[in-house]
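Chemist: return a 3D structure for these sequence lines:
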Amino acid sequence: MVDEPAPLFARHRPGDGGPGNRRRATLAGVSALASAAAAGVGVASHYARRLTDPPTAIPEDPPRDDERVTIHAVGDGDVLLAGPGADRPGVWGVVTATGYGRIGATRRHTPAGVRRPFELVDGEVTPSHAVLDAHAHVNLPTSLHPDGTELQVPGPIGAMPAHFVPGDDTWVVGVHGRAAWRHETFRALGPAVAAGHTALAISYRNDHDAPPSPDGRSHLGDTEWEDLAAALDLARDRGARRIVLVGCSMGGAIVGQALARADATGVVGVVLDAPVVDWHPVVARAARDLGVPGPAVGLLMAPTRLMARARHRVDLSTLGFDPHVLTVPTLVVHGVDDEVVPVAGSDDLASRRPDVVTYLRVPGAGHVRSWNVDPATHEAAVRALLRRVAPD
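Modeler: Residues are numbered from 1 along each chain as shown. The predicted structure is shown next:
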């Protein structure tokens with residue numbers, strides 16, 4: 001969604017987007033606030049500021065235990081792993097000091113460790129300590145396709161860099177989550193590129209490599225949608241006849257705001273992965289997961305919302321995803337075990353728009369981890385939507 005910053009979304013490591021980072025940063029922020037609850041208005045003011053922190057202000061957390069592995073041997077098409085993450089189900093990237101690889105879901109246990117399929121993605125991977133990464137790509141356009149390149153999207157506050165893969169006149173535009181990186185969307189853009197479509201993974205204001213907003217704060221989609229609108233203009237100017245929007249976590253909130261407020265001419269389909277459809281439960285859940293009593297959560301959240309609106313021009317009550325903006329075929333994907341953005345939001349969205357929404361609810365998947373748990377089903381769902389909105 002996202003790695004969620006303290007206290008809301010934690011910053012991704014350049015090769016990582018582990019949900020542990022999000023949750024630890026979220027809980028750490030709420031913990032600090034809860035411990036200072038007696039400060040009243042001061043606590044609310046602090047939390048309101050943290051809600052709108054840009055990615056550059058968000059500290060980076062170390063990997064959690066089940067993201068750590070030790071590479072004992074790298075063979076021809078497979079790898080021998082040990083450590084807490086060696087037996088983790090699904091498909092994952094593997095980050096080392098010298099390279100990046102991808103391990104498959106098949107696991108074969110041996111006395112020496114767990115043997116899994118392995119594909120080298122970048123650099124050199126040798127026996128060493130490593131970290132699992134959910135993106136399963138590096139943050140380079142060539143990781144999506146050898147013809148990938150970078151271009152600049154002329155935005156209202158400056159040029160926004162984007163990863164670009166040329167293709168036909170169907171453009172699939174990816175919007176990453178808060179404090180995440182552009183390649184978070186590659187898992188959904190991959191089937192589009194394989195089908196010959198054009199792919200564009202955009203950045204938006206306050207990203208690490210994009211211009212800051214005028215006040216230097218995140219607005220949780222309330223201004224960021226303007227940068228997506230600029231990308232839509234660029235796509236149409238370059239000949240896009242059909243546009244499919246992909247939004248991950250807060251990227252889903254940005255897509256919702258763009259559909260409501262931008263020129264959506266040409267948009268024929270939408271893919272939402274663990275989307276934020278309502279910010280209130282996202283914020284409240286972080287506090288409850290820490291063990292803050294329910295009444296205390298309410299006491300903290302109400303003044304926080306007021307401070308966020310008064311001081312930072314962020315009104316959570318107006319940033320919900322209006323189901324009525326979905327007028328085209330839409331795929332919603334959400335992990336049942338999402339510890340950052342409650343799956344109930346997508347449940348509600350899907351139930352309110354069964355006429356346009358296809359819903360893929362993935363057991364055992366955490367935040368923006370549905371592809372990792374079941375890449376075949378995830379990609380098949382994306383391909384089905386693309387065939388529906390952009391037939392050959």
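Chemist: and residue 369, how many neighbours?
Modeler: Residue 369 has 24 neighbouring residues, counting by other Cβ atoms under 10 Å. (C-beta placed from N, C-alpha, C; glycine too.)
Chemist: now it: how far from residue 90?
Modeler: Distance of residue 369 to residue 90, given as Cβ to Cβ, to the nearest Å: 8 Å.
Chemist: same question, residue 181
Modeler: For residue 181, the distance to residue 90 equals 20 Å [Cβ to Cβ].
Chemist: residue boundaries of the helices in this structure?
Modeler: For the chain, helices defined by DSSP state H occupy the ranges 19-35, 41-51, 141-144, 186-194, 225-237, 250-261, 279-290, 294-312, 344-352, 370-373, 375-389.
Chemist: measure stretch 100-118 end to end?
Modeler: Terminal residues of stretch 100-118 lie 11 Å apart, using Cα to Cα, to the nearest Å.
Chemist: do the same with stretch 76-85
Modeler: 21 Å.
Chemist: buried ones in it, by neighbour count?
Modeler: Residues 78-81, 83, 85 are the ones in stretch 76-85 that count as buried (16 or more other Cβ atoms under 10 Å).
Chemist: how about stretch 371-383?
Modeler: Residues 371-375, 378-379, 381-382 are the ones in stretch 371-383 that count as buried (16+ other Cβ under 10 Å).
Chemist: what residues does it touch?
Modeler: With Cβ atoms under 8 Å, 6 or more residues apart in numbering as the test, stretch 371-383 has contacts from 89-92, 105, 134, 136, 187-188, 190-192, 195, 271, 273, 331, 333, 335, 358, 360, 362, 364-365, 370.
Chemist: and the buried ones among those residues, selectable in ChimeraX?
Modeler: Per 16+ other Cβ under 10 Å, the buried members of those correspond to this ChimeraX selection:
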select :90,91,92,105,134,136,187,188,190,191,192,195,271,273,331,333,335,358,360,362,365,370
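Chemist: narrow the contacts of stretch 371-383 to those in strands?
Modeler: Residues of the contacts of stretch 371-383 located in strands (DSSP state E): 92, 271, 273, 331, 333, 335, 358, 360, 362.
Chemist: closest one to residue 154 out of the residues you listed, please.
Modeler: Of all these, the one sitting nearest residue 154 is residue 271; the distance, using Cβ to Cβ, is 24.9 Å.
Chemist: please report the distance of that closest one from residue 383.
Modeler: Note on residue 271: its distance to residue 383, by Cβ to Cβ, is 11 Å.
Chemist: same thing with residue 214?
Modeler: Between residue 214 and residue 383 the distance is 40 Å, computed by Cβ to Cβ.
Chemist: for residue 64, same thing?
Modeler: 32 Å.
Chemist: residue 224 too?
Modeler: Shown here: residue 224 relative to residue 383, a distance of 28 Å by Cβ to Cβ.
Chemist: with residue 315 instead?
Modeler: If you measure residue 315 against residue 383 using Cβ to Cβ, the figure is 38 Å.
Chemist: least reliable of the helices of the chain by average pLDDT, please.
Modeler: Looking at these, the lowest mean pLDDT belongs to helix 19-35 (a mean of 47).
Chemist: quick one: residues contacting the closest residue to residue 227 other than its chain neighbours.
Modeler: Nearest residue to residue 227 in three dimensions, chain neighbours excluded: residue 204, at 3.9 Å (Cβ to Cβ, 6 or more residues apart in numbering). Applying Cβ under 8 Å, 6+ apart to residue 204 gives the contacts 155, 160, 175, 210, 224, 227-228, 254.
Chemist: among those, which one lies nearest to residue 388?
Modeler: Within the contacts of residue 204, the smallest distance to residue 388 is 20.8 Å, found for residue 175 (Cβ to Cβ).
Chemist: mind checking pLDDT for the closest one?
Modeler: Per-residue confidence (pLDDT) for residue 175: 98.
Chemist: number of nearby residues for the nearest residue to it once chain neighbours are set aside?
Modeler: Excluding the flanking residues, the one nearest residue 175 by Cβ to Cβ, 6+ apart is residue 251, at 3.5 Å. Residue 251: 32 surrounding residues under other Cβ under 10 Å.
Chemist: now do residue 54
Modeler: Residues contacting residue 54 under the criterion other Cβ under 10 Å number 19.
Chemist: wait, isn't it in contact with residue 219?
Modeler: No - counting by Cβ atoms under 8 Å, residue 219 is not a contact partner of residue 54; they are 10.3 Å apart.
Chemist: spit out the residues that contact the two alike.
Modeler: Applying Cβ under 8 Å, 6+ apart, one finds that residue 54 and residue 219 are jointly contacted by residue 213.
Chemist: would you map out the domains in the protein?
Modeler: According to automatic domain parsing, the chain comprises the domains 65-133, 141-279+312-389.
Chemist: dump these to CSV, plus distance to residue 58.
Modeler: Converted to CSV, these look like this (distance: least, Cβ to Cβ, whole Å):
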stretch, distance to residue 58
domain 65-133, 18
domain 141-279+312-389, 5
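Chemist: so which of the ones you listed is the most packed in?
Modeler: For the domains of the chain, average neighbour numbers computed from mean count of other Cβ atoms under 10 Å are highest in domain 141-279+312-389, which has a mean of 21.
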